[in-house]
Structures are given as structure tokens and as C-alpha cells.
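S.K.: Pasting the sequence and the predicted model now:
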Amino acid sequence: MAELMRKPNLMAKLQAEVRENTPKGQQIVTEDDLGNMAYLKAVVKETLRLHPPAPLLLPHLSMAECDIGGYKVPAETRVIVNAWALGRDPGSWEAADEFMPERFVDVVSPDFKGRDFQFLPFGAGRRICPGINFGMASVEIMLANLVYCYDWELPDGMRQEDLDMTSVFGMTMRRKEKLFLVPRTRC
Ligand code: HEM
């Protein structure tokens, strides 16, 4: 929501998609309506790229000695994967720090299923998050309803550029400052 408030044209594009693809007269968006909402899915993916909730995944242990890009990793080494840095690597992403959901529209890859190592919000391999589908559906339905039911405004006197996007890092990652917005019902 914070990224969308900083780019009202993207918020408008998302709202148009969600509102066009929800049957007329229906009070809320249901899971059945999400199928045609490609831009919504791209917005959620782009959010996971820039703001992965588990920025360092979970600690892993190498079972055998291996070589990764010329670095020798001995067996039984505690390995921490920095998914946050992978998602912002300028070598993998054009305009890496920009919130640009369009990069995920009409493309099969990169996807978050653990095969594209520049984008690992759910990890990869045998310990990949088993809650991917549940997690994605929950975030998509929540965001779709927030933008379907309300138009959103910044509190009085606040400008887009005043939104503090600083994150607090730990096992999980969250906004440093809470996001306060004003909902306006659209009817
Ligand atoms: C957007 C939502 C979610 C995100 C971003 C997320 C992310 C992650 C990440 C990064 C890992 C570590 C993977 C690794 O180290 O390779 C993980 C593990 C795990 N997640 Fe999720 N998760 C989400 C939702 C869920 C949900 C909804 C559930 C359960 C209903 C769940 C259950 C688990 C479990 C049980 C593990 C540990 C798997 C293992 O160690 O074998 N997650 N998740």
C-alpha cells in the first residue's frame, strides 16, 4: 500500500483492474475473481521482491562441501541467503530499487517457485516455504479488497515524498514507521 501511495498512477491501474474484474453489485472481491487479475499478482510479486518478509530466509546447513561461484563452502556450514539483496541486485534487475510491477506482467520468469535464484521470497529447494499458495492467496485477496472497497488518501498535509520507507530488519522485516492512510468509500 505504501509503494502504491507513492505512485498514484499504479494505484489507479490496480484499482481499475480489480474493479473491472469483480462482478457488478458484488460487495467484496472473492477468491474466484482473482483469476483475471494479472496486475494484482504483479504488484504482490514486486512487493515481495523489494520487501521480502523473511529477508534472510531461514538458516540452512550445507550437507556436503560445495563450490558456489568460486567460493568453497565446507560441509556443515551455516548458510544464510540474503534474499533481500538478491531482489535488489542491479546485475539481475533493471532499475532495481524502483517499484515497477510491470516487470512481472506477461512473463513466466522470474517466478517465486525457487527456480530463479534472483527472486527467492519463499526460499528454494527442499525447505522452500510450504505455505506459498496460502500466503499468496491471503495477500492477494486482502490487497484486492482494500483497493476495491476504498479510495485511499494520505493524511492531511502529507505528501507522497514524505512517506518514510525505512525498514527494520530481523528474522522478519517490517516498516519502521506505521502507515497511516485515510479510506474513502467510493459510493
Ligand atoms: C507471503 C507469505 C509468506 C512468506 C513471504 C513466507 C516466506 C518463507 C520463507 C522465506 C521461508 C524459509 C525458506 C528457506 O529458508 O528456504 C519459509 C518457511 C516456512 N514457511 Fe513460509 N512464508 C509465507 C507464508 C507462509 C504460510 C501462510 C505458512 C503456513 C500456513 C508458512 C509456513 C512455512 C513453514 C512451515 C516453513 C518452514 C519450512 C521448512 O523449514 O521446511 N509460510 N516461509
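M.R.: Yep, that arrived. Quick caveat: nothing in here was measured; it's all calculated off a predicted structure. Residues are numbered from 1 along each chain as shown.
S.K.: going forward, measure contacts between C-alpha atoms and count neighbours the same way
M.R.: Will do.
S.K.: what about this structure, any weak spots by pLDDT?
M.R.: Residue ranges of the chain with pLDDT under 70: 187.
S.K.: Would you mind listing what in it touches the ligand?
M.R.: Counting by Cα under 6 Å from any ligand atom, the chain comes close to the ligand at 53-54, 57-58, 121-124, 127-132, 134-136.
S.K.: Please check the residues you listed and keep the buried ones.
M.R.: P53, A54, L57, L58, P121, F122, G123, A124, I128, C129 (16 or more other Cα atoms under 10 Å).
S.K.: I'd like the distance between L61 and A124.
M.R.: L61 is 13 Å from A124, where distance means Cα to Cα, to the nearest Å.
S.K.: for P53, same thing?
M.R.: Taken as Cα to Cα, the span from P53 to A124 is 15 Å.
S.K.: ditto for K72
M.R.: From K72 over to A124 (counting by Cα to Cα), the distance is 20 Å.
S.K.: ditto for P90
M.R.: As for P90, its distance to A124 is 21 Å (criterion: Cα to Cα).
S.K.: which strands and helices sit next to the longest helix along the chain?
M.R.: Looking across the chain with DSSP state H, the single longest helix is helix 132-149. Here helix 132-149 touches helix 8-20, helix 38-50, going by 3 or more Cα pairs under 8 Å, 6 or more residues apart in numbering; DSSP states H and E.
S.K.: How far does that helix sit from its chain's centre?
M.R.: For helix 132-149, the distance from its own C-alpha centre to the chain's C-alpha centre is 11 Å (Cα atoms, centre = their mean, to the nearest Å).
S.K.: Buried residues, that helix. List them.
M.R.: So helix 132-149, judged by 16+ other Cα under 10 Å, has buried residues E140, I141, L143, A144, N145, L146, V147, Y148, C149.
S.K.: mind listing what the helix or strand following it pairs with, with the direction of each?
M.R.: As assigned by DSSP states H and E, the chain's next helix or strand after helix 132-149 is strand 150-153. Strand 150-153 has these partner strands in its sheet, going by DSSP bridges: strand 182-185 (antiparallel).
S.K.: Name the secondary structure element that contains the closest residue to N145 other than its chain neighbours.
M.R.: Using Cα to Cα, 6 or more residues apart in numbering and skipping residues adjacent in sequence, the residue nearest N145 is V29, 5.7 Å away. Under DSSP H and E, no helix or strand contains V29.
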